[in-house]
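Chemist: Sequence and predicted structure below; questions after.
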Amino acid sequence: MLKMVRQQMICIVVPGWNGTTDLSEGSPVSNGLYSLFRDVEVVQFASLALLPARADASDKRPWLMLELAIEEGIDPYDMIYRLLYHWSEAMWSLYSSFWPGDATALRSERNDKLHKMLMKHLSIADGGFIGARDRTARQIEKEQELLEWTRDEARAMKQAMLYGDDRSAFALALAQRAFQNPRFGWALDRAPRSYWRGKGASISAKIGYVLTLFVLWLIAVWLVGAVPRGALGIYTWLFGPPYSGVTDVVAFISMASCWVLGVSIRSVLALLGLGVLVWLFLIALPALSRTWRRWLESVGRELDRPAETWSSWLTYRIGLLLSVPIACALVALALAFIFWPWTIVQAYQALTAKFLGWQIIAFIILAIVVLTCAVSLLSRINQDLAKVGNWFFQPYEEPVLRAQQVDPSIDNSEGLVVCETAHMVSLTDLRSPNGWSAWWIRVSLRIVTLFGRVIFTESRLGSAPGIHFGHWHIIEDGRRYLFCSNYDGSFGGYLDDFINGATIGTNLAWRWTTLKPRGSAAIGQPAIIHARSFPPTRFIVFRGVKCELQFKSYARDSMLPHVFRFDARKESVDQINLATGLRDALFGERNDTNDDLIMRAIES
């Protein structure tokens, strides 16, 4: 499932670009690539960018990056084959400068050589998110035609003053006209949807899906032990007892099957127990206790506070002193319950032998009372000692030395697409040790990809809207980190959505990165003179992007301009979703929901 998402977004990053090929807008290479992507019909977005070489690289020539966002179900290797062996030879025109003496060679020889190079430098996304999913470029284009036709028809009907204020009759008349128009015969079939984006994407369906997989796993493990036992029983009944070695093997397989069954069941119970604890402390208690809710909110504010204060410093240190031992104890308890459950029974028996039940209960109550009193005391001090409180919350760290400064090449690149889908190419370095950072990033990206695939199915990543494609690649043997995204709106608004909403995922994806000095990939492109670091985080997921100026400056410094882009979608994510909904509303059953959607589509 995650592989399917990742395979829709690929990058081909080839080192040693010599810059002899003209990639400017309107050049033969750019025009050829644009025609190629339009002709193959399965490329939804593509771009070219030059990535500067590392400062410590022996070859200082830039890397040529070709980014492709393709339609679902297309294998990346098949995609390269389609592009490479196209009759136009646009791909050879792009990469021919890598073999300046082979221009007159046979086409088959050139394509074979180029195919090997592209496959060698192919990078499938390590993680990604797709906004308007389950739609082909051709489907989007036809649904936009339907939307424009419906709006034109609605304006004509309003000018003729038909149906007055009767919204239902107006929507029914539009649906009848669309149904009778032969141009829209394709819309009689409901717009395709994946399981997760369709009606099956309810919470209960997702939980049921996971439970079904777990039950099937338990059945498979049980059969591994049951089948040999049954076969041995039948053999014994037919022919008598077998050799002792066979009996021992069957006994071992049966015992291993029972052990795996027990571990699997106890693992789920442990996860459920941890989930109940999280629900109790983060949802139930805040709902029941105003004091607990205020305390929890204040802790969250302090952990996310952009400026360093004594309050945030103390919250983080106390959190370390408390959370690390508690987390280690919970993990140890869960592992003991999963693999050595008898040790918990023995520890409980030893505890009850030393203390009576009322003594254990009294100790728990005393601990709760002490914690409550401490929270109340700190709250009272904060209220009564205003001066001390102000000093306690006053930032003491140095302010940001510089706000975001945008390189002219980035400004020019964004200006060319100001009324179209915006595009971002970001290149950073991985923190040392590279292998450790790369491992954590890949784990984080798998989590983000899973949540985007299963939970955030309505074109929003967390609370961040308007993303068409966003994908991350770990390149150059785990030393650099490439991020590509195309989105609606402005860059500042795009980052604000993550700062105010999807902070956890953004911190997870970026916190192991840094910016090292590097030269420019070409004349007029940005360079990095001074090293920069991603804003510091607390407990991995807090703060970070909340340091707004530092984060935006870091993101701007990491950006590179594109030298070519192709966009088969053109419309915004909201417009794409609206057109798909209109298609289903016009040709679906008549009800108030569909009538309202039709009216919203023509009035928006």
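Modeler: The structure has been received and is ready for your questions.

Chemist: helix or strand for residue 175, which one?
Modeler: Assessed by DSSP states H and E, residue 175 sits inside helix 167-180.

Chemist: Mean confidence (pLDDT) on that helix, please.
Modeler: Helix 167-180 carries an average pLDDT of 86.

Chemist: Okay, buried residues for it please.
Modeler: 170-175, 177-178 (16 or more other Cβ atoms under 10 Å). Glycine gets a C-beta too; all of them are placed from N, C-alpha and C.

Chemist: Quick one: residues in contact with that helix.
Modeler: Contacts with helix 167-180, where a contact means Cβ atoms under 8 Å, 6 or more residues apart in numbering, come from 146, 149-150, 153-154, 157, 162-163, 184, 187-188, 585-587, 590, 592, 594-596, 598-599, 602.

Chemist: ditto for stretch 221-235
Modeler: 242, 246-247, 249-250, 253-258, 260-261, 264.

Chemist: go with 6 Å
Modeler: 250, 253-254, 257, 260-261 (Cβ atoms under 6 Å, 6 or more residues apart in numbering).

Chemist: Among the contacts of helix 167-180, which ones are in helices?
Modeler: 146, 149-150, 153-154, 157, 585-587, 592, 594-596, 598-599, 602 (DSSP state H).

Chemist: Report the two of those residues separated the most.
Modeler: 149 and 592 (23.4 Å; Cβ to Cβ).

Chemist: Those two - which one has more neighbours?
Modeler: residue 149 (16 against 10; other Cβ atoms under 10 Å).

Chemist: Can you check what pLDDT the model gives that one?
Modeler: Reported pLDDT for residue 149: 92.

Chemist: Relative to residue 183, how far out is it?
Modeler: 8 Å (Cβ to Cβ, to the nearest Å).

Chemist: could you dump stretch 453-468 to PDB, C-alpha only?
Modeler: Output of stretch 453-468 as PDB, limited to C-alpha atoms (Å, rounded to 0.1, in the frame of the first residue of the first chain):
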ATOM      1  CA  ARG A 453      -2.900   7.200   2.600                       C
ATOM      2  CA  VAL A 454      -5.400   5.900   5.200                       C
ATOM      3  CA  ILE A 455      -6.500   8.800   7.400                       C
ATOM      4  CA  PHE A 456      -6.000  12.100   5.500                       C
ATOM      5  CA  THR A 457      -7.800  11.100   2.400                       C
ATOM      6  CA  GLU A 458      -9.600  14.400   1.600                       C
ATOM      7  CA  SER A 459      -6.700  16.300   0.100                       C
ATOM      8  CA  ARG A 460      -5.500  17.500   3.500                       C
ATOM      9  CA  LEU A 461      -2.300  16.500   5.300                       C
ATOM     10  CA  GLY A 462      -3.200  17.100   8.900                       C
ATOM     11  CA  SER A 463      -4.800  20.600   8.600                       C
ATOM     12  CA  ALA A 464      -2.700  21.600   5.600                       C
ATOM     13  CA  PRO A 465      -4.800  21.900   2.500                       C
ATOM     14  CA  GLY A 466      -4.000  22.500  -1.200                       C
ATOM     15  CA  ILE A 467      -1.100  20.000  -1.600                       C
ATOM     16  CA  HIS A 468      -1.100  18.200  -5.000                       C
END
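
Chemist: Now do the buried residues in it.
Modeler: Applying 16+ other Cβ under 10 Å to stretch 453-468 flags 453-454, 456-457, 459-462, 464-468 as buried.

Chemist: Can you tell me the closest non-neighbouring residue to residue 498?
Modeler: Among residues not flanking residue 498 along the chain, residue 506 sits closest, at 4.6 Å (Cβ to Cβ, 6 or more residues apart in numbering).

Chemist: Report the distance from the host helix or strand of the one you found to the chain centre.
Modeler: Assigned by DSSP H and E, residue 506 belongs to helix 503-510. Relative to its parent chain, helix 503-510 has a centroid offset of 10 Å by Cα atoms, centre = their mean, to the nearest Å.

Chemist: For the following helix or strand past it, which strands pair with it and how are they oriented?
Modeler: Next along the chain after helix 503-510, taking DSSP H and E as the criterion, comes strand 513-515. Applying DSSP bridges, strand 513-515 is found paired with strand 422-430 (antiparallel), strand 532-533 (antiparallel).

Chemist: ok, now how distant is the nearest residue to residue 121 once chain neighbours are set aside from residue 91?
Modeler: Spatial nearest neighbour of residue 121, chain neighbours left out: residue 14 (4.8 Å); criterion: Cβ to Cβ, 6+ apart. Distance from residue 14 to residue 91, counting by Cβ to Cβ: 12 Å.

Chemist: For the two, indicate the residue with more neighbours.
Modeler: Shown here are residue 14 and residue 91; by other Cβ under 10 Å, residue 91 has more neighbours (24 against 18).

Chemist: and the more buried one, what pLDDT?
Modeler: 92.

Chemist: what's the answer for residue 95, then?
Modeler: With respect to pLDDT, residue 95 has a value of 90.

Chemist: Apart from its chain neighbours, what residue comes closest to it?
Modeler: Residue 95 sits nearest to residue 114 (Cβ to Cβ, 6+ apart), 5.7 Å away.

Chemist: Equivalent analysis for residue 483, please.
Modeler: residue 426 (4.2 Å).

Chemist: what about the one you found, distance to residue 556?
Modeler: 9 Å.

Chemist: what does residue 411 give?
Modeler: 10 Å.

Chemist: ok, the two, which is more surrounded?
Modeler: Per other Cβ under 10 Å, whichever of residue 411 and residue 556 has more neighbours is residue 556, with 19 against 11.

Chemist: Make sure that one is indeed in a helix.
Modeler: Yes - the assignment for residue 556 is a helix, going by DSSP: H, G, I helix; E, B strand; the rest coil.

Chemist: residues near residue 305, how many?
Modeler: Residue 305 has 21 nearby residues by other Cβ under 10 Å.

Chemist: so what's residue 512 up against?
Modeler: 431, 437, 440-441.

Chemist: Please spell out the ChimeraX selection for the buried subset of these.
Modeler: Buried members of those can be picked out in ChimeraX with the line below, counting by 16+ other Cβ under 10 Å:
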select :431,437,440,441
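
Chemist: Looks to me like residue 256 is in a helix.
Modeler: Yes - membership of residue 256 in a helix is supported by three-state DSSP.

Chemist: Please name the nearest non-neighbouring residue to it.
Modeler: Nearest to residue 256 is residue 225, by Cβ to Cβ, 6+ apart, at 7.3 Å.

Chemist: what is the mean pLDDT for stretch 337-355?
Modeler: The model assigns stretch 337-355 a mean pLDDT of 80.

Chemist: next one: stretch 262-279
Modeler: Mean predicted confidence for stretch 262-279 is 91.

Chemist: Strands along the stretch 351-500 of the chain, start to end?
Modeler: According to DSSP state E, counting those that start in this stretch, the stretch 351-500 of the chain carries its strands in the segments 422-430, 460-461, 464-465, 467-475, 480-487.

Chemist: which one of those strands lies closest to residue 132?
Modeler: Short answer: strand 467-475, nearest of those by Cβ to Cβ, at 6.8 Å.

Chemist: which of the contacts of helix 167-180 are buried?
Modeler: 146, 149-150, 153-154, 157, 163, 184, 187, 585-587, 594-595, 598-599, 602.

Chemist: these two touch, right, the residue nearest to residue 121 and residue 65?
Modeler: No - assessed by Cβ atoms under 6 Å, residue 14 is found out of contact with residue 65, at 8.0 Å.

Chemist: for residue 192, phi and psi?
Modeler: Residue 192 adopts backbone torsions of phi -60, psi 140, taken as degrees, to the nearest 10.
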